[in-house]
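Visitor: Give me a 3D structure for the following:
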Amino acid sequence: MIHRPAVTEHPAFFTKYINCVPSDDLLQELEHNGKQTIATLKDVSEEQANFRYAPDKWSLKEVIGHMVDTERIMSYRALRIARGDVTPLPGFDENAYVSHSDSSERTLANLLNDFSIVRQATINLLEPLSNAAWSRVGVASNNEITVRALGFVIAGHELHHRNVIVERYIGALG
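Guide: Below is the predicted model:
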């Protein structure tokens, strides 16, 4: 089992995501929560998937695209750091990614399939890591972070956004 990262293993702004993860069984959380997110969204119509709960907010499709992009980036960071690459990794502008993603032009089914594939790739990347790899430290967005913390950020980021989806999108749609 991969234990929850210590507060010294990540920048403070990731704490809100890490705290969303209910258990220390990271791989089980990734597996279970990925399926739960897809189940939450399976009955949403295409029209509903284009809903924005406020004019300046992302559509539901854009939120899903953001979740996929962020998981890809965090997994890439985990790969680089786990393999001992000490090259500082740049940050990314999530709003620029969303505005250039064309997620609103994709079908909800396509986005959910993409999410499922990326999640499986994340699990396949993390599952065989050694204890030493989980503890390796790298620099991303000018902050030190461990592979373990990145894994929990991935899981917690999904849960954070699923909560937003349920409360502000699905809740508003009735």
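Visitor: got the residue ranges for the helices in this structure?
Guide: 15-18, 26-41, 46-49, 60-82, 94-99, 108-126, 131-135, 147-164, 171-173 (DSSP state H).
Visitor: can you tell me the average pLDDT over the first one?
Guide: So the one you mean is helix 15-18. For helix 15-18, the mean per-residue pLDDT is 98.
Visitor: Check the longest one too.
Guide: Averaging pLDDT along helix 60-82 gives 98.
Visitor: again, but for the fifth one
Guide: Within the predicted structure, the mean pLDDT of helix 94-99 is 98.
Visitor: From here on, call the first residue 58.
Guide: I'll keep to 58 as the first residue from here, and by that count the last item is helix 151-156.
Visitor: Output the contacting helices and strands for it.
Guide: With contacts taken as 3 or more CB pairs under 8 Å, 6 or more residues apart in numbering; DSSP states H and E, helix 151-156 sits against helix 117-139. Where you see a C-beta, it was placed from the backbone N, CA and C, and this is true even at glycine.
Visitor: so what pLDDT did the closest residue to Asp142 other than its chain neighbours get?
Guide: By the measure of CB to CB, 6 or more residues apart in numbering, the closest residue to Asp142 outside its immediate chain neighbours is Gly195, 7.0 Å from it. Looking at Gly195, its pLDDT is 98.
Visitor: Run through the bridge partners of Gly195.
Guide: Gly195 has the following beta-bridge partners by DSSP bridges: Ile202.
Visitor: Might one say that it is in contact with Leu136?
Guide: No - assessed by CB atoms under 8 Å, Gly195 is found out of contact with Leu136, at 10.3 Å.
Visitor: coming back round to it: tell me which residues touch the residue nearest to Asp142, please.
Guide: Shown in contact with Gly195 (CB atoms under 8 Å, 6 or more residues apart in numbering): 134, 137-138, 142-143, 145-146, 201-204.
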